[in-house]
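>>> starting from these lines, generate the structure:
(2 chains)
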Amino acid sequence: MSLDEAQAELTRRRETALAMGGAAKLAARAAEGVLNARQRLDVLLDPDSFSETGLLAQGIRPEMRGRSAADGKIAGFGRIGGRPVAVVSNDFTVLGASSSAINGKKIQHVKRIAARSGMPVIYVGESAGARMPDRMGAAGRAMLGQDPTEYLRERTTPWVSAMLGPCYGSSTWYACLSDFVVMRKGAKMSVASGRVTSIAISQAVDAEELGGWKLHTDTTGLVDLAVDTDEEALAAVKRFLGYLPDHAGAAPPRCEVPEGSGADGDAIRAALPESRHQTYDVRRILRLVADAESLFELKGRFGRSLVTALARIDGRSVGLIASNPLFKGGAIDVDACRKATSFLVLCDSFNIPIIFMTDQPGFLIGMAGELRGAPGLIMNWMNALSLVTVPKLQVVMRKSYGQAYLNMGGGRNADATACWPMADLGFVDPVIGVSILHGLKREDDPERFDRLAEELGRDSSAWELAALYEAQDVIEPSETRDWLANMLEVHGRRLSGGVGTHRLAAWPTSF
Amino acid sequence: MREIKVLSEISGSVWKIVAAPGDALDEEQPVMILESMKMEIPVLAPERGVLKTLCVAEGASVAEGEVVAILEA
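Okay, here's the model as predicted:
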């Protein structure tokens, strides 16, 4: 082959690979308003920043040569807002982006380089699962197991997944190992597709019920956020990464404080109901405390009696764990336990200080929780909290009862605690306490009941906690933002450049 | 028309019903308020819809996961 011929061959091969699964398949996607794998990279990455690895990779079976562009998974490195990232974008038009020996090598390469060079990995998911017949038989089994660390997660750098179509096999596994998962409504995520599942268990299965966004945002908690379009999903990926450092060895970037941040501190008071028996939506308060437009809630439809959100205060990334009395009165259920623990792991792994905002009547007791092992999850949370090395701050807004007082940062589980003046600290609500302690109902003897309730509630004030120096301060709600900004400064881990020791780095990604 | 079940997230008693059949409700708008754990805890519409049926009356006890109303969307 002459030099000219070799060059022409390179051009031809590049063009073939960039044509992906062919014009007809690409046109069909475009007609549905769904981006293809390369368009998604254009939306995700800074212009002209993508450097591809493995454009000319092909399926391992001889008959696949020439019809398996990039072997179905487009891999490489690029930039988002000037910061480096590694990406794998699944090309569903090429053999359904099914997992194969060669594209497995590409994923392995990207992950290894990202970990070594210190950059996040983004998985743009849409894949059919294992490639058949490649994965059949003993030879297929042998090919499957070439990387014993394929599903090892050590949180050296952030991993993020966008689920943008049918996601089975690889896309689902990497989502479950990721720090953040966003799903486009209509995408699916399950162990096997509806079709495969139906055949395997001889039952009609609805793919949406098996792995749609409602299942994963409401019930499993495996997906953090559901959105309507590919573009919104990729914007969410960028937004999430904006709060995180490039890798676990660095502090998160500090941002400009947007104009107007903290301007409405007095509105916090107005967002609270007058009666302690009434509920409110804590997200209104969090928006007033955080830098303007910086509140980014994760798992907003799951375990809703706690809000977990990334945000900024004074330009610094923070992780907020806040009681939300709007749901279950703020009583912490099993889902909320799992959500809180996984959020602690995220924040601690990437050097994000944690802020508890507490107004909770205790863990939600009852059969539903016990059947799901509530005590184990409560201790899982405490164990994780005890291993956290990033700064931990706590604001007791109204009540903080029971064991959950400790889980939410009480009892020296936070570096600093402030109470609002109406804070109420006790083991249970005094009215319930009277019935437990004295076996008395109010209708039996209202006068005695009220007197006993008052006695039980007497020593549960913010003043008492401050007098015992368990709360370091009592503050007005309007002073919350300034107190937190000050404490973030005081408790910043300067000796290590804001970097913790990451004892949760190998914590399970799902439990 | 699709039916949407409104479930109680907790056990408690129905203190006050704050929406009537025919009302158009937004997601997270209260349908009724329960009394539980000495608090007034709202039962919220899980998504936008029109209230079709109330399945419980004021004063009734409800269990966690019980259907307390049905919306149509």
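
>>> going by C-alpha atoms from here, please, whenever you check contacts or count neighbours.
Noted.

>>> okay, strands next: where are they in the stretch 251-400 of chain A?
With strands called from DSSP state E, counting those that start in this stretch, the stretch 251-400 of chain A shows them at A:296-298, A:306-313, A:316-323, A:354-360, A:392-401.

>>> swap in chain B?
Listed in chain order, the strands of chain B (DSSP state E) span B:3-7, B:12-17, B:24-25, B:30-36, B:39-44, B:49-54, B:61-62, B:67-72.

>>> let me know the distance separating the residue in chain A that chain B sits nearest to from A:V431.
Closest contact between chain A and chain B, by Cα to the nearest Cα, is at A:H277 (4.4 Å). As judged by Cα to Cα, to the nearest Å, A:H277 and A:V431 stand 12 Å apart.

>>> show me what secondary structure element comes after the helix or strand bottoming out on mean pLDDT in chain A.
Lowest mean confidence among the helices and strands of chain A (mean pLDDT, DSSP states H and E): helix A:137-144, at a mean of 76. Sequence order places strand A:159-168 as the next helix or strand after helix A:137-144, per DSSP states H and E.

>>> list the contacts of the most centrally placed residue in chain A.
Centroid check for chain A by Cα atoms, centre = their mean gives A:F180 as the closest residue, at 4.1 Å. Going by Cα atoms under 8 Å, 6 or more residues apart in numbering or on different chains, A:F180 touches A:W159, A:V160, A:S161, A:V223, A:D224, A:V237, A:F240.

>>> pretty sure the second one is touching A:D179, no?
So that's A:V160. Yes: here A:V160 reaches A:D179: they are 5.7 Å apart, a contact under Cα atoms under 8 Å.

>>> so of the strands of chain B, which one's packed in deepest?
strand B:39-44 (a mean of 25; mean count of other Cα atoms under 10 Å in any protein chain shown).

>>> that one: partners in the sheet, and parallel or antiparallel?
Strand pairing for strand B:39-44, using DSSP bridges, gives strand B:30-36 (antiparallel).

>>> how distant is the strand it pairs with from the center of its chain?
From the chain centre to the centre of strand B:30-36 is a distance of 7 Å (Cα atoms, centre = their mean, to the nearest Å).

>>> pull the CA atoms of that strand into PDB?
Extracted in PDB, the C-alpha atoms of strand B:30-36 (Å, rounded to 0.1, in the frame of the first residue of the first chain):
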ATOM      1  CA  PRO B  30     -52.600  19.100  50.200                       C
ATOM      2  CA  VAL B  31     -55.700  16.900  49.900                       C
ATOM      3  CA  MET B  32     -56.200  16.400  53.600                       C
ATOM      4  CA  ILE B  33     -54.400  16.900  56.900                       C
ATOM      5  CA  LEU B  34     -53.700  14.000  59.200                       C
ATOM      6  CA  GLU B  35     -53.000  14.200  62.900                       C
ATOM      7  CA  SER B  36     -50.100  12.000  63.800                       C
END
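
>>> now the worst-scoring helix or strand of chain B on mean pLDDT against strand B:12-17, angle please.
Comparing every helix and strand of chain B by mean pLDDT, DSSP H and E singles out strand B:39-44 as the least confident one, with a mean of 92. Using axes from the mean of the first three to the mean of the last three Cα atoms, to 10 degrees, the inter-axis angle of strand B:39-44 relative to strand B:12-17 is 70 degrees.

>>> where in the chain is pLDDT low?
Reading this off chain A. A:144-145 (pLDDT under 70).

>>> what does it have sitting close to chain B?
With the criterion set to Cα under 8 Å from any Cα of the partner chain, chain A comes near chain B through A:276-279, A:325-329, A:361, A:429, A:431-432.

>>> in CSV: the residues you listed, plus neighbour count and distance to A:Q203.
Listed next are the residues of chain A next to chain B as CSV, based on neighbours: other Cα atoms under 10 Å in any protein chain shown; distance: Cα to Cα, whole Å:
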residue, neighbour count, distance to A:Q203
A:R276, 15, 50
A:H277, 15, 48
A:Q278, 17, 46
A:T279, 22, 44
A:P325, 27, 41
A:L326, 23, 39
A:F327, 22, 36
A:K328, 29, 36
A:G329, 28, 40
A:P361, 29, 43
A:D429, 21, 49
A:V431, 20, 51
A:I432, 15, 48
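
>>> among those, which lie within helices?
Per DSSP state H, helices hold the following members of the residues of chain A next to chain B: A:V431, A:I432.

>>> closest one of the residues of chain A next to chain B to A:M20?
A:F327 (47.3 Å; Cα to Cα).

>>> please name the nearest non-neighbouring residue to the closest one.
A:S305 (4.9 Å; Cα to Cα, 6 or more residues apart in numbering or on different chains).

>>> count the neighbours of the one you found for me.
Neighbour count of A:S305, defined by other Cα atoms under 10 Å in any protein chain shown: 28.

>>> what segments of the stretch 351-500 of chain A are helices?
Here the stretch 351-500 of chain A has its helices, by DSSP state H, counting those that start in this stretch, at A:367-371, A:374-387, A:404-407, A:430-438, A:446-457, A:462-467, A:480-491.

>>> the third one: how far from the chain's middle?
Pointing back at helix A:404-407 there. Counting by Cα atoms, centre = their mean, helix A:404-407 comes out at 22 Å from the chain centroid.

>>> spit out the contact partners of the closest residue to chain A within chain B.
As assessed by Cα to the nearest Cα, chain A sits closest to B:M39 within chain B, at 4.4 Å. With contact taken as Cα under 8 Å, 6+ apart, B:M39 is in contact with A:R276, A:H277, A:Q278, A:T279, A:G329.

>>> you'd agree the residue of chain A closest to chain B is up against B:M37?
No: the pair formed by A:H277 and B:M37 falls short of the contact definition of Cα under 8 Å, at 9.1 Å.

>>> before we move on, the earlier item: export the strands of the stretch 251-400 of chain A to JSON lines and tack on mean neighbour count?
Compiled in JSON lines, the strands of the stretch 251-400 of chain A are given as follows (neighbours: other Cα atoms under 10 Å in any protein chain shown):
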{"stretch": "strand A:296-298", "mean neighbour count": "19"}
{"stretch": "strand A:306-313", "mean neighbour count": "26"}
{"stretch": "strand A:316-323", "mean neighbour count": "27"}
{"stretch": "strand A:354-360", "mean neighbour count": "27"}
{"stretch": "strand A:392-401", "mean neighbour count": "26"}
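
>>> could I get these as CSV with distance to A:C255?
CSV is the format used below for the strands of the stretch 251-400 of chain A (distance: least, Cα to Cα, whole Å):
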stretch, distance to A:C255
strand A:296-298, 15
strand A:306-313, 8
strand A:316-323, 7
strand A:354-360, 18
strand A:392-401, 20
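
>>> among these, which is nearest A:L465?
That would be, of those and by Cα to Cα, strand A:392-401, which comes in at 10.7 Å.

>>> neighbouring strands - and their directions - for that closest one?
When DSSP bridges is applied, strand A:392-401 pairs with strand A:354-360 (parallel), strand A:416-419 (parallel), strand A:424-426 (parallel).

>>> that older thread, tell me how far the residue nearest to A:F327 lies from A:Y405.
Distance from A:S305 to A:Y405, by Cα to Cα: 15 Å.

>>> for A:P375, same thing?
In terms of Cα to Cα, A:P375 sits 15 Å off from A:Y405.

>>> tell me which of these two has more neighbours.
Each of A:P375 and A:Y405 has its neighbours counted (other Cα under 10 Å); A:Y405 has more, 23 against 14.

>>> okay, the helices of the stretch 351-500 of chain A, which one's buried deepest?
Most buried among the helices of the stretch 351-500 of chain A, counting by mean count of other Cα under 10 Å: helix A:404-407, with a mean of 21.

>>> hey, C-alpha coordinates of it in PDB?
The C-alpha coordinates for helix A:404-407 follow below in PDB (Å, rounded to 0.1, in the frame of the first residue of the first chain):
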ATOM      1  CA  ALA A 404     -32.100  10.600  65.600                       C
ATOM      2  CA  TYR A 405     -30.700  13.600  67.500                       C
ATOM      3  CA  LEU A 406     -27.300  11.900  67.300                       C
ATOM      4  CA  ASN A 407     -27.800  10.800  63.600                       C
END
